[in-house]
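> the following comprises the amino acid sequence and a computationally predicted model.
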Amino acid sequence: MNKMGMIIVSCSLFCAATCSDAGEFEQRAGSNHLSNQVRSSVNRLKSFSDESVLKQYAPDPQREKELQRLLPNYQVIKKGTSSRDVRDRAIGRLRKTQLTKSGRQTSNHVIENLSLFRRLPEIRFEVNPETYDYFVGHPDVVVSLWQAMGISAMKLQQTGPFKYEMDNNDGTRSEMFYLRKSKSTNIIYCRGDFKSPLLKKPITGSGVLCLHSKFEKQKDGTVFVRHSADVFITFPSTAIETAAKVISPVSNYISDRNFQEISLFMHTISLTMARQPGWLQQMANRLQNVHPDRSRELREIILNNYKANQNRLATRWDGFDRPAM
């Protein structure tokens, strides 16, 4: 079972980030600079097919300090955890969430046969709300955007109104279904086969990811989102569950880091739309394996983000005293 795939769907491109100054994004930066900024975060995403990450998965305090310095509008509020208390509260929250009858049956099956739980880090960052909502609701656009940039071979295709199929090109394949879509809560069910170099055979499993988001508007008009996600996973046998628990220290670290990188990517993409939209407009024209309307929709999102930022800047300047004539 690939946690990264579940995260990508929920964050959907979230699909975003890089090490640039989020407070005052370099407006003079050229398209090459911006594209490198975006690519850097996607390239930092890890899966179990990358054996190097299995040897080096210790936290990097120096990198965390550097991110805080370079990205004042991006912050990890809380670290990820698998504590029993957090798990019990997360289950209670999921049970209270309104779902369809089939959605409730699906989520109940997972939590009643729970093998692994993870509360991913809580992260707060500046982002355009429309951009955030669109990518969360259209993960296929996120993956297609990565392909257009030449930085990912992952395949994610929409096969139904709320269904997606993913091929991670490492032996991991899965199906994903939205059980709930809203501005504050998105719940995704995933099932499939996951391959790891630590295991002789692929692991079959299923899980539910609950993405919780809250927007905060500042006095200057900028908007921040504060989000986290609860991951519930079940396996069909005790043997598979035991194998998964053996590598859980690595899988937890990878899941936490990927969630942070995806959030960073979203943060940077939103800033790029607002200040240097031309390059992303070109990328939007190159989308493949998505509904024909997606390119047009993405171009509109980019333009709306840019206009919103220009209006915000204009309002800020209007607040200054006019020079004496």
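Perfect, I can see it now.
> partners of the strand ranked longest in the chain in the sheet?
For the chain, the strand with the greatest residue count under DSSP state E is strand 203-217. Strand 203-217 sits in its sheet next to strand 185-194 (antiparallel), strand 223-234 (antiparallel), going by DSSP bridges.
> any chance of a markdown table for these, columns mean neighbour count and mean pLDDT?
Bear in mind the C-beta positions are built from the backbone N, C-alpha and C, glycine included. As requested, the strands paired with strand 203-217 are exported to a markdown table (neighbours: other Cβ atoms under 10 Å; pLDDT from 0 to 100):
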| stretch | mean neighbour count | mean pLDDT |
| --- | --- | --- |
| strand 185-194 | 22 | 88 |
| strand 223-234 | 22 | 94 |
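> okay, those in JSON lines with distance to residue 81 next?
Converted to JSON lines, these look like this (distance: least, Cβ to Cβ, whole Å):
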{"stretch": "strand 185-194", "distance to residue 81": "20"}
{"stretch": "strand 223-234", "distance to residue 81": "10"}
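> which one of those strands lies nearest to residue 78?
Closest approach to residue 78 among the strands paired with strand 203-217 (Cβ to Cβ): strand 223-234, 7.3 Å.
> run the chain-centre distance for the closest one.
Put simply, strand 223-234 sits 9 Å off its chain's centre (Cα atoms, centre = their mean, to the nearest Å).
> hey, C-alpha coordinates of that strand in PDB?
What follows is strand 223-234, C-alpha atoms only, in PDB (Å, rounded to 0.1, in the frame of the first residue of the first chain):
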ATOM      1  CA  VAL A 223      -4.500  33.800   2.700                       C
ATOM      2  CA  PHE A 224      -3.000  30.900   4.600                       C
ATOM      3  CA  VAL A 225      -4.100  27.300   4.900                       C
ATOM      4  CA  ARG A 226      -3.500  25.200   7.900                       C
ATOM      5  CA  HIS A 227      -3.900  21.500   7.000                       C
ATOM      6  CA  SER A 228      -3.000  18.000   8.200                       C
ATOM      7  CA  ALA A 229      -4.100  14.500   7.300                       C
ATOM      8  CA  ASP A 230      -5.000  11.300   9.100                       C
ATOM      9  CA  VAL A 231      -4.000   8.000   7.400                       C
ATOM     10  CA  PHE A 232      -5.800   4.700   8.300                       C
ATOM     11  CA  ILE A 233      -4.500   1.500   6.700                       C
ATOM     12  CA  THR A 234      -5.600  -2.100   6.800                       C
END
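> before we move on, the earlier item: and residue 126, which of the strands paired with strand 203-217 is closest to it?
Among these, the nearest to residue 126 by Cβ to Cβ is strand 223-234 (5.4 Å).
> ends of stretch 175-189, how far apart?
Chord length of stretch 175-189, first to last residue, is 8 Å (Cα to Cα, to the nearest Å).
> no wait, stretch 122-140
Stretch 122-140 has an end-to-end distance of 24 Å (Cα to Cα).
> give me the element residue 221 is part of.
For residue 221, there is no enclosing helix or strand under DSSP states H and E.
> residues near it, how many?
Neighbourhood size, residue 221 [other Cβ atoms under 10 Å]: 13.
> helix/strand/coil for the closest residue to it other than its chain neighbours?
Nearest residue to residue 221, sequence neighbours excluded (Cβ to Cβ, 6 or more residues apart in numbering): residue 312, at 4.0 Å. Taking DSSP: H, G, I helix; E, B strand; the rest coil as the rule, one finds residue 312 in the helix state.
> from residue 118, how far out is residue 312?
36 Å (Cβ to Cβ, to the nearest Å).
> my read is that residue 122 contacts residue 86, right?
No - using Cβ atoms under 8 Å, residue 122 is not in contact with residue 86; the gap is 11.0 Å.
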